[in-house]
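Chemist: No sequence on hand, only this structure:
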Ligand SMILES: Nc1nc2c(ncn2[C@@H]2O[C@H](COP(=O)(O)OP(=O)(O)OP(=O)(O)O)[C@@H](O)[C@H]2O)c(=O)[nH]1
């Protein structure tokens, strides 16, 4: 259990948040699953919320990695259209380590460069590890070439970013003598060097997955475990369940219910009287909407949509937890909840 991890003598326990970014299909989800060691089957059609979604937690002797999702960054729409929005920048700024993923089997292209630039701009002092994924898919010499190309990309984007910082610093210094410029200088020294590490991995055959986990943990701040290990009533698992339900409920009706839906898991408990090798989890959750018309949308004709939501969310929660689930959903109207601070905090906003 996690409490014991911290007692290891001579070794500091580390814990923190990491995010994997990269073009679609570079293998972020597969890598997350390989690291976490169980299937976290959260779908791709994610809501654009500002809250972090936990994709998985890696519990180790030396530390704990909480892998979170960045809404928006890896979606092609966002990529082609606009500069990284504030939400994504904020998430990247809040995590402890960023894993920038590039596949071994495709040349480094404009999409990778674009994301690398956003990462360089948002990372600040936090380390960025470049991860060359799908190492199994190319011969050794091609892998070596890709490692060099990715290292080079890191140097380029970091020094571009540094040049821009330098410009900003000069502009500021011109208007006032500024303390911030000293800090900018301090951090530019590390930026020039590029990525803090470059590591090849294969989630498919497990090559270097353990090494990556160890590396990410080493880059985390010293901290006790942030989440307990494997308990069913853990906050992150409850949060993940609520996210999965919310996601299923928003699917196809995002335009009609933008940000008007909150999910609270009221209770999750193991059903009594089941055999140890065939457990069942009873989950009761409430879906809060703002208006009766929205309640009708969620429920659908004769309850058909709510049944679909239930089936979809249940399947995903079962995959997440590896146990059978009975899911009971209720739709409630919480009038104006978005404007009521008390309600908001109760709903976890
Ligand atoms: N050969 C090989 N294929 C991999 C590896 N990891 C992932 N893939 C394949 O690459 C494809 C994309 O993997 P995902 O993990 O879904 O990629 P992703 O980056 O999460 O994709 P998005 O959710 O679209 O951002 C899948 O077909 C995987 O099977 C690997 O280590 N080796």
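Modeler: Sure thing, it's come through. Since the structure is predicted, the reported quantities are computational estimates derived from the model, not experimental observations.
Chemist: Low-confidence stretches in the stretch 101-250 of the chain?
Modeler: Along the stretch 101-250 of the chain, segments meeting pLDDT under 70 span 175-192, 227-236.
Chemist: swap the cut-off to 80 and go again
Modeler: By pLDDT under 80, the low-scoring segments of the stretch 101-250 of the chain are 173-193, 226-239.
Chemist: gap between residue 293 and residue 247?
Modeler: The gap separating residue 293 from residue 247 is 21 Å, by CB to CB, to the nearest Å. (Each C-beta comes from the backbone N, C-alpha and C, glycine too.)
Chemist: excluding its backbone neighbours, what's nearest the residue of the stretch 151-300 of the chain found nearest the ligand?
Modeler: Closest approach between the stretch 151-300 of the chain and the ligand, counting by CB to the nearest ligand atom: residue 204, at 3.5 Å. Counting by CB to CB, 6 or more residues apart in numbering, residue 204 lies nearest to residue 136, which is 5.2 Å off, once chain neighbours are set aside.
Chemist: From residue 109, how far out is the one you found?
Modeler: 21 Å.
Chemist: Which one's more surrounded, those two?
Modeler: residue 136 (16 against 10; other CB atoms under 10 Å).
Chemist: Correct me if wrong: that one contacts residue 205.
Modeler: Yes: using CB atoms under 8 Å, residue 136 makes contact with residue 205 at a distance of 5.1 Å.
Chemist: What count of nearby residues applies to residue 62?
Modeler: By other CB under 10 Å, neighbour count at residue 62 equals 16.
Chemist: thinking it is in contact with residue 11, fair?
Modeler: Yes: assessed by CB under 8 Å, residue 62 is found in contact with residue 11 at 6.0 Å.
Chemist: hmm, back to that, contacting residues for the residue of the stretch 151-300 of the chain closest to the ligand?
Modeler: 30, 134, 136 (CB atoms under 8 Å, 6 or more residues apart in numbering).
Chemist: Show me those that map onto strands.
Modeler: Nothing among these maps onto strands, per DSSP state E.
Chemist: Which single one of those is nearest to residue 174?
Modeler: Nearest to residue 174, judged by CB to CB, of those is residue 134 at 47.3 Å.
Chemist: residues in contact with that closest one?
Modeler: So residue 134 contacts 26, 27, 103, 104, 105, 202, 203, 204 (CB under 8 Å, 6+ apart).
Chemist: Please check the residues you listed and keep the buried ones.
Modeler: Buried subset of those (neighbour count, 16 or more other CB atoms under 10 Å): 26, 27, 103, 104, 202, 203, 204.
Chemist: how about JSON lines for the residues you listed, with distance to residue 142 and secondary structure added?
Modeler: JSON lines is the format used below for these (distance: CB to CB, whole Å; DSSP: H, G, I helix; E, B strand; the rest coil):
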{"residue": "26", "distance to residue 142": "16", "secondary structure": "coil"}
{"residue": "27", "distance to residue 142": "16", "secondary structure": "coil"}
{"residue": "103", "distance to residue 142": "11", "secondary structure": "strand"}
{"residue": "104", "distance to residue 142": "7", "secondary structure": "coil"}
{"residue": "202", "distance to residue 142": "13", "secondary structure": "coil"}
{"residue": "203", "distance to residue 142": "18", "secondary structure": "coil"}
{"residue": "204", "distance to residue 142": "16", "secondary structure": "coil"}
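Chemist: how about a markdown table for the residues you listed, with distance to residue 221 added?
Modeler: Output for the buried ones among the contacts of residue 134, formatted as a markdown table (distance: CB to CB, whole Å):
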| residue | distance to residue 221 |
| --- | --- |
| 26 | 27 |
| 27 | 27 |
| 103 | 30 |
| 104 | 30 |
| 202 | 28 |
| 203 | 26 |
| 204 | 31 |
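Chemist: Get me the contact residues on this protein for the ligand.
Modeler: 24-30, 44, 74, 133-134, 136-137, 202-204 (CB under 6 Å from any ligand atom).
Chemist: Which two among the residues you listed are spaced furthest apart?
Modeler: Among the residues of the chain next to the ligand, 44 and 136 lie farthest apart (CB to CB), at 22.9 Å.
Chemist: just checking, residue 312 touches residue 249?
Modeler: No: contact criterion CB under 8 Å: residue 312 and residue 249 do not qualify, at 9.0 Å.
Chemist: The two: which is more packed in?
Modeler: Set residue 312 next to residue 249 and count neighbours by other CB under 10 Å: residue 249 wins out with 28 against 18.
Chemist: Let me know the closest of the residues of the chain next to the ligand to residue 122.
Modeler: Out of the residues of the chain next to the ligand, the member with the shortest distance to residue 122 (by CB to CB) is residue 74, at 14.0 Å.
Chemist: hmm, back to that, measure the residue nearest to residue 204 to residue 104 for me?
Modeler: 8 Å.
Chemist: and if you look at residue 62?
Modeler: For residue 62, the distance to residue 104 - CB to CB - is 27 Å.
Chemist: Dig out what residue 331 forms beta bridges with.
Modeler: residue 287 (DSSP bridges).
Chemist: for residue 15, what are its contacts?
Modeler: Contacts of residue 15 (CB under 8 Å, 6+ apart): 63, 64, 65, 66, 220, 221, 223, 224, 225, 226.
Chemist: Many thanks, I have nothing further to ask.
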